[in-house]
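Enquirer: coords please:
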Amino acid sequence: MNKILFLLNANGHMDRDLVYSLQQAGHEILVDQITAAKTPEGHLAELISSEHFIEMLENFRPEVVFSLNGRGVDNDGFCADQMHRRGIPFVTWYVDQPRQANMGKRYLAGNTWIFCFERYFVPQLKGWGYEHAFYLPLATNPDRFRPLGLEAEPSVCFVGDSDYAKIDYLARNLDLQLGNLGDDFYDVLDKAINLLLASPGCHAGQLVQAATLGSSLSWENLRDDQKDMLEGFVEREAGLRQRLAFLAGLNEHFDLVIYGDDLWRKSFGDRCRGKAGYFDDSIVKVYNRHPVHVNISKFQLITAINQRPFDVSACGAFVLTDERESLRELFGPDEVVSYRDMEELVELAGYYLRNADERIRISRRARARVLKEHTYKHRIDEILRLVN
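Expert: Model prediction:
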């Protein structure tokens, strides 16, 4: 058993499930909810009290401080220093892309253990000086994501937001900082987006850098935060265009059901049923209600698979996901079926809609794999084994 101070992001998809799993495993947990506010520019800033942080360390005396995506500690290194003085390791699991511009002095490398859902970024983390950097794939909470025995609708389902709000935020900030470069700047963005759409499995940052060659935009002269914004915009905008194209193709052939934000409703009308709440049983009911779930990964995932194959499979439901290098390390081809392009996606969706017995056999094998190897308890055990 470990005493763990968990810095919780109330809006994070995994935070609550991880706390639950830690408690179920018998660890003693103190949960401290991160407070955040938006700056006038629209940036999200965490509000951290040094007195409160010291009080938690002194009174609770944790053996480990844990957060997701490096959240809950300050940029100036005060929290990192206080943990280091007391010999308390800081453990963070990046379930999003780690960005060097966001790190600053947040971590003391020798006292920080970074786990990353995408193995592509582990050498990068080590190159930044974080010797304790490890690949750790995503997982699920099978006590929440479980079969409910609901009657299935004869439909193909997609769950996921368009990312439009983040795209708009990045576009506005890039326009403020780099828009004075003129049309050449926007040509670079469009070129990079098209390169990424044609190059799945490539890193967006490298493609953005390649697109700047011969333009008025000098990659070397950009600040780290500007590079990160450019990369984030390109990968999100490319992802939106791909999802729109794939969903339009599915909509031509099937009874398509979409759960997500208002952009999908504008594009697909009443095919979109609004959002499915992730923090209650809404999403679990959705995964149980539809026979075929389509997963369209974001371009941020270079080799990794995202959350959906784990959650859907834990519900005993069928997921059809895009091919990723790490997929076959985690699931066999008789457990999760994958597609490589839109034509194959349409073909496979139709086949498994028609062949219910085969679909159900695959779903049962996928659930068995999740229960055996891919729960949050498995991931927590691996983290604590390495840290301890």
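
Enquirer: alpha carbons only for contacts and neighbour counts from here, please
Expert: Noted.

Enquirer: For the stretch 51-200 of the chain, which segments count as helices?
Expert: In the stretch 51-200 of the chain, helices defined by DSSP state H, counting those that start in this stretch lie at 78-85, 122-127, 164-178, 183-197, listed in chain order.

Enquirer: residues of the last one that come out buried?
Expert: The one in question is helix 183-197. 184-185, 188-197 (16 or more other C-alpha atoms under 10 Å).

Enquirer: end to end, how far does stretch 330-350 reach?
Expert: Stretch 330-350 has an end-to-end distance of 25 Å (criterion: C-alpha to C-alpha, to the nearest Å).

Enquirer: so how far is that stretch from its chain's centroid?
Expert: 21 Å (C-alpha atoms, centre = their mean, to the nearest Å).

Enquirer: Helix 164-178 and the lengthiest helix in the chain, what's the angle between them?
Expert: What stands out as the longest helix in the chain, according to DSSP state H, is helix 224-253. Taking axes from the mean of the first three to the mean of the last three C-alpha atoms, to 10 degrees, one finds helix 224-253 and helix 164-178 inclined to each other by 140 degrees.

Enquirer: circling back: pLDDT added to the buried residues of helix 183-197, as a markdown table?
Expert: Compiled in a markdown table, the buried residues of helix 183-197 are given as follows (pLDDT from 0 to 100):
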| residue | pLDDT |
| --- | --- |
| 184 | 82 |
| 185 | 84 |
| 188 | 89 |
| 189 | 90 |
| 190 | 92 |
| 191 | 93 |
| 192 | 93 |
| 193 | 95 |
| 194 | 95 |
| 195 | 93 |
| 196 | 94 |
| 197 | 94 |
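
Enquirer: Specify which member of the residues you listed is nearest to residue 111.
Expert: Proximity of these to residue 111, judged by C-alpha to C-alpha, is greatest for residue 196, which lies at 36.1 Å.

Enquirer: Could you point out which residue ranges in this structure have low pLDDT?
Expert: For the chain, applying pLDDT under 70 flags the ranges 39-43.

Enquirer: How about residue 262, nearest residue that isn't a chain neighbour?
Expert: Using C-alpha to C-alpha, 6 or more residues apart in numbering and skipping the chain neighbours, the partner closest in space to residue 262 is residue 274 (7.1 Å).

Enquirer: Let me know how buried residue 150 is, in neighbour terms.
Expert: Counted by other C-alpha atoms under 10 Å, the residues lying close to residue 150 total 12.

Enquirer: Tell me what residue 113 is bridged to.
Expert: The partner list for residue 113 in beta bridges (DSSP bridges) reads residue 91.

Enquirer: Quick check: it touching residue 80?
Expert: No: between residue 113 and residue 80 there is no contact, the gap being 12.0 Å when judged by C-alpha atoms under 8 Å.

Enquirer: so what's in contact with these two at the same time?
Expert: Shared between the contact lists of residue 113 and residue 80 (criterion: C-alpha atoms under 8 Å, 6 or more residues apart in numbering) are residues residue 90.

Enquirer: doesn't residue 36 fall inside a strand?
Expert: Yes: per DSSP: H, G, I helix; E, B strand; the rest coil, residue 36 lies within a strand segment.

Enquirer: secondary structure element for residue 320?
Expert: Using DSSP states H and E, residue 320 falls within strand 319-322.

Enquirer: mind listing what that strand pairs with, with the direction of each?
Expert: strand 292-295 (parallel), strand 337-339 (parallel).

Enquirer: out of those, deepest packed?
Expert: For the strands paired with strand 319-322, the stretch with the most neighbours on average is strand 292-295, a mean of 25; neighbours defined as mean count of other C-alpha atoms under 10 Å.

Enquirer: Which residues does that one contact?
Expert: Under the criterion C-alpha under 8 Å, 6+ apart, external residues in contact with strand 292-295 comprise 155-159, 287, 308-309, 312, 317-322, 349, 352-353.

Enquirer: 7 Å instead?
Expert: For strand 292-295, the surrounding residues in contact (C-alpha atoms under 7 Å, 6 or more residues apart in numbering) are 155-158, 308, 318-322, 349, 353.

Enquirer: Near residue 96, how many other residues are there?
Expert: A count of nearby residues for residue 96, using other C-alpha under 10 Å, gives 14.

Enquirer: Quick check: closest non-adjacent residue to it.
Expert: Nearest-residue entry for residue 96: residue 69, 6.5 Å, with adjacent residues in sequence omitted and distances by C-alpha to C-alpha, 6+ apart.

Enquirer: number of nearby residues for that neighbour?
Expert: The local packing of residue 69 (other C-alpha under 10 Å) involves 20 other residues.

Enquirer: Tell me who's in contact with it.
Expert: By C-alpha under 7 Å, 6+ apart, the contact set of residue 69 is 92-96.

Enquirer: domain assignment for the chain?
Expert: Here the domain parsing of the chain from automatic domain parsing is 3-136, 156-374.

Enquirer: So for residue 383, which of those domains sits nearest?
Expert: Using C-alpha to C-alpha as the measure, domain 3-136 is the one of the domains of the chain that comes nearest residue 383, at 7.9 Å.
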